[in-house]
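# Starting from these lines, generate the structure:
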Amino acid sequence: MKNLLYIGNHLSDSGKTETTIETLSRSLRQEGYTVYTVSNKKSKVWRLLDMLFSILKYAKKVDGVLIDTYSTSNFHYAYLCSQLCRVLNLKYIPILHGGNLPHRLKTHPQLCKAIFNNAYKNVAPSTYIKAEFEHKGYSNVVYIPNSILLKNYPFKDRNYETIKLLWVRSFSEIYNPLLAIRILKALLNEGIQASLCMVGPDNDGSLLKAKQYASALQVEVHFTGKLPKEDWILLSKTHNIFINTTNFDNMPVSVIEAMALGLPVISTSVGGMPFLIENEQNGLLVAPHNENEFVDAIKKIQQNPEGTQQMTLNARKKVEGFDWEAVKSLWISELN
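Alright, predicted model coming up:
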């Protein structure tokens, strides 16, 4: 498959976070592939119609279709696009991003079978998703992790006298941004010097709720909105702990990036996170919805700088395996 159509939410020009459809398509083009991408339509209805029309438009020009597959409402985009590919006898590859896709396997088994059993391959960005799909009887699943260009992420040693928390994600309810604000409040209540910076665009109204929540708790939070990747990487140099407060997750690129930068990561132990982070070896895992466990983990980092330094070195070593130079051979193997 040298000519590809990539179906997903290409919405960074509309203020959303850059996603895999942009990063992966760019990397594949550099390897000599022709990749058409859709859709950048803001309206969900027009976006879906654009996706379906593009499959019809490019059916005779491409060898296969990549379909970003999530576990929320966009799951139905993947279903409709995959079934049109079947009608047109086009090979298609769902890329299994949704951290809650295992729940979809239980609640929508017939739709899932229609999508995933008929796929040329299903690409799982985490061993967690691969294991969950195989447990449900799917044998056509390959593991290809999300990748980064490691050279763009300079590793930095940090000190932890003052806690400077960094949170990077789209503001969505499933990522539980309000928990980050409660963590800051709990630290300040204990007399610990701390600050919080939250980076990312709004997705479902959660940004406004977070601002109102911070005001109600009388804590000062720095909300940057969406930042270009280079800008938040630069911003990371002035912060010393990365927190991931999500309720559902798979293999988030922002956490991989934080590990590459030398930021100690504290994450909820949900979905694919225990498959990425080995607790106390390359990061710290805590229960979801629990600011007290986050605070305890932050104290552990602050009180043991030597252990924290080794943990961040281990994390950097871990994510070296996610560098595009290491990952690209896996894609080339599946697409050739």
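# And the residue nearest to Ile277 when sequence neighbours are not counted, its phi and psi?
Leaving aside its chain neighbours, Ile277 sits nearest to Gly283 (3.8 Å; criterion: C-beta to C-beta, 6 or more residues apart in numbering). All C-beta atoms are positioned from the backbone trio N, CA, C, and that covers glycine. With angles defined as degrees, to the nearest 10, Gly283 sits at phi 170, psi -180.
# Partner strands of the one helix or strand Leu196 maps to, with direction?
Of the helices and strands defined by DSSP states H and E, Leu196 is found in strand 194-199. Strand 194-199 has the following strand partners under DSSP bridges: strand 163-168 (parallel), strand 222-225 (parallel).
# residues making contact with that strand?
Under the contact criterion C-beta atoms under 8 Å, 6 or more residues apart in numbering, strand 194-199 has outside partners 162-169, 171, 177, 180-181, 183-184, 187-188, 210, 219-227, 232, 235, 239, 298.
# ranges for the strands of the chain?
Applying DSSP state E to the chain gives strands spanning 3-7, 34-38, 64-69, 92-96, 122-124, 141-143, 163-168, 194-199, 222-225, 241-244, 265-268, 284-286.
# hmm, back to that, of the contacts of strand 194-199, grab the buried ones for ChimeraX.
Provided next is the ChimeraX selection string for whichever of the contacts of strand 194-199 are buried by 16 or more other C-beta atoms under 10 Å:
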select :163,164,165,166,167,168,169,171,177,180,181,183,184,187,188,210,219,221,223,226,227,232,235,239,298
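# one step back: the residue nearest to Ile277: neighbour count?
Residues near Gly283, counting by other C-beta atoms under 10 Å, number 26.
# I'd like the distance between it and Thr162.
To Thr162, Gly283 is 21 Å away according to C-beta to C-beta, to the nearest Å.
# Val38 too?
Distance from Val38 to Thr162, by C-beta to C-beta: 46 Å.
# coming back round to it: in this structure the residue nearest to Ile277 contacts Thr268, no?
No - the criterion here is C-beta atoms under 8 Å, and Gly283 misses it with Thr268 at 11.4 Å.
# mind listing what's buried in stretch 225-244?
Using 16+ other C-beta under 10 Å as the test for burial, stretch 225-244 gives 226-227, 229, 232-233, 235-236, 239-244.
# residue ranges with poor pLDDT in the stretch 1-150 of the chain?
11-16 (pLDDT under 70).
# how far is stretch 156-173 from where the chain is centred?
16 Å (C-alpha atoms, centre = their mean, to the nearest Å).
# Just the endpoints, please. Distance across that stretch?
Start-to-end span of stretch 156-173 (C-alpha to C-alpha, to the nearest Å) is 31 Å.
# average pLDDT for that stretch?
Averaging pLDDT along stretch 156-173 gives 96.
# What of stretch 211-218?
98.
# Buried ones in it, by neighbour count?
Tyr213, Ala214, Leu217.
# wait, isn't Ala258 in contact with Leu165?
No - taking contacts as C-beta under 8 Å, Ala258 lies outside contact range of Leu165: 11.5 Å.
# what touches both of those two?
Joint contacts of Ala258 and Leu165 (C-beta under 8 Å, 6+ apart) are Phe242.
# picking that back up, report the contact partners of the residue nearest to Ile277.
Per C-beta under 8 Å, 6+ apart, neighbours of Gly283: Met259, Pro264, Val265, Ile266, Ser267, Leu276, Ile277, Met311, Ala315.
# how much space between it and Asp231?
Gly283 is 24 Å from Asp231, by C-beta to C-beta.
# and if you look at Val319?
21 Å.
# Over to Lys60?
Lys60 is 41 Å from Asp231, by C-beta to C-beta.
# quick one: the residue lying farthest from the centre of the chain from Lys299, how far?
In the chain, counting by C-alpha atoms, centre = their mean, Gly191 sits farthest out from the average C-alpha position, at 33.0 Å. To Lys299, Gly191 is 12 Å away according to C-beta to C-beta.
# before we move on, what about His103?
For His103, the distance to Lys299 - C-beta to C-beta - is 34 Å.
# cool, and Ser236?
Ser236 is 22 Å from Lys299, by C-beta to C-beta.
# quick one, what contacts the most centrally placed residue in the chain?
Central residue check for the chain by C-alpha atoms, centre = their mean: the C-alpha nearest the mean position is that of Pro252, 2.7 Å away. Residues near Pro252 by C-beta under 8 Å, 6+ apart: Asn146, Arg169, Asn244, Thr246.
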